[in-house]
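Participant: Show me how the following folds:
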Amino acid sequence: MPDWFAGLARDLLGALETQQLPALGLYLTLEGTGVPLPIPAEAVMVVLGLQVARGQAHTVVVMAIAVGAAVAGNALLYGIARRVGRPLLLRYGRRLRIGPERLQWLERTLARRALPFVAAVRVLPAVRILIPVAAGVARVDFRRFLVAAAVGNLAWGVLCLGLGWSLSDLAESALRALVTSPPLAIGTAAFVGVLALASVAYWLRRRLVPRARA
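Facilitator: Okay, the predicted model is just below:
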């Protein structure tokens, strides 16, 4: 791992310790817009779960900030996609793993059941960032999209925060390891963050991917 990347990860976790709510809000807003970040958002929420377990953060406040920031990022990405339009996405979408067939399938699915689809796909790290794009291009009603994004982000946040709270000792060990081994700490935090979601993600992939290829 490059030194600058490890340093960025250390700075981020330090900010979560000292400026937890502003740092959380900024990070999840950026993550919601698709900006590449050094630590998975799941790991960030696990860290906040550790702080809740220590009594250093309030569950309701953390969840409100997390859901609001993530929805704001999703809404921004939705708005950009809606303004840019379908032709540009068809031209460059393959770089985002959105071919014409996948885009058409997403549009049909979103038109029929936007709320359950957008909410469920929030737990899939490799897919979730595509949904605001597809929803914007398909011109899904903005209010329906916001409700779906809020429900999905709320469920995701509860799972990740609860995992950090219940496994607080393991999460704390990962934070200590950051001082001596950033790759180990980041890898551990990422693993812990996605472990609780793995079974759900696997089930959704089995259901959604074959339909996309049909």
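Participant: Stretch 80-91 spans what distance, first to last residue?
Facilitator: Length of stretch 80-91, first residue to last, CA to CA, to the nearest Å: 16 Å.
Participant: Other residues contacting it?
Facilitator: Residues external to stretch 80-91 that are found in contact with it (CB atoms under 8 Å, 6 or more residues apart in numbering): 98, 100, 103, 132, 133, 134, 135, 136, 137, 139. All C-beta atoms are positioned from the backbone trio N, CA, C, and that covers glycine.
Participant: and those, which of them are in strands?
Facilitator: Among the contacts of stretch 80-91, DSSP state E puts none in strands.
Participant: and those, which two are the farthest apart?
Facilitator: Using CB to CB, the contacts of stretch 80-91 span at most 18.8 Å, a distance reached by 100 and 132.
Participant: Looking at those two, which is more packed in?
Facilitator: Neighbour totals were compared for residue 100 and residue 132, and residue 132 leads with 26 against 12 (other CB atoms under 10 Å).
Participant: Tell me how far the more buried one lies from residue 166.
Facilitator: 30 Å (CB to CB, to the nearest Å).
Participant: same question, residue 119
Facilitator: To residue 166, residue 119 is 23 Å away according to CB to CB.
Participant: neighbour count winner among those two?
Facilitator: residue 119 (21 against 13).
Participant: And stretch 131-144, what's buried?
Facilitator: By neighbour count with 16 or more other CB atoms under 10 Å, stretch 131-144 contains the buried residues 131, 132, 133, 134, 135, 136, 137, 138, 139, 140.
Participant: for the second one, what are its contacts?
Facilitator: With contacts defined as CB under 8 Å, 6+ apart, the neighbours of residue 132 are 32, 74, 75, 77, 78, 81, 145, 149.
Participant: Neighbour-wise, which one of these leads?
Facilitator: Result: residue 74 is most packed of the contacts of residue 132 (other CB under 10 Å), 32 neighbours.
Participant: pretty sure that residue contacts residue 149?
Facilitator: Yes - applying CB atoms under 8 Å, one finds residue 74 in contact with residue 149, separated by 4.6 Å.
Participant: Ramachandran coordinates for residue 122?
Facilitator: Residue 122 adopts backbone torsions of phi -60, psi -30, taken as degrees, to the nearest 10.
Participant: Tell me which helix or strand the nearest residue to it once chain neighbours are set aside sits in.
Facilitator: Nearest non-adjacent residue to residue 122, counting by CB to CB, 6 or more residues apart in numbering: residue 152, 3.2 Å away. Taking DSSP states H and E as the criterion, residue 152 maps to helix 142-166.
Participant: With residue 123 instead?
Facilitator: Applying DSSP H and E, one finds residue 123 in no helix or strand.
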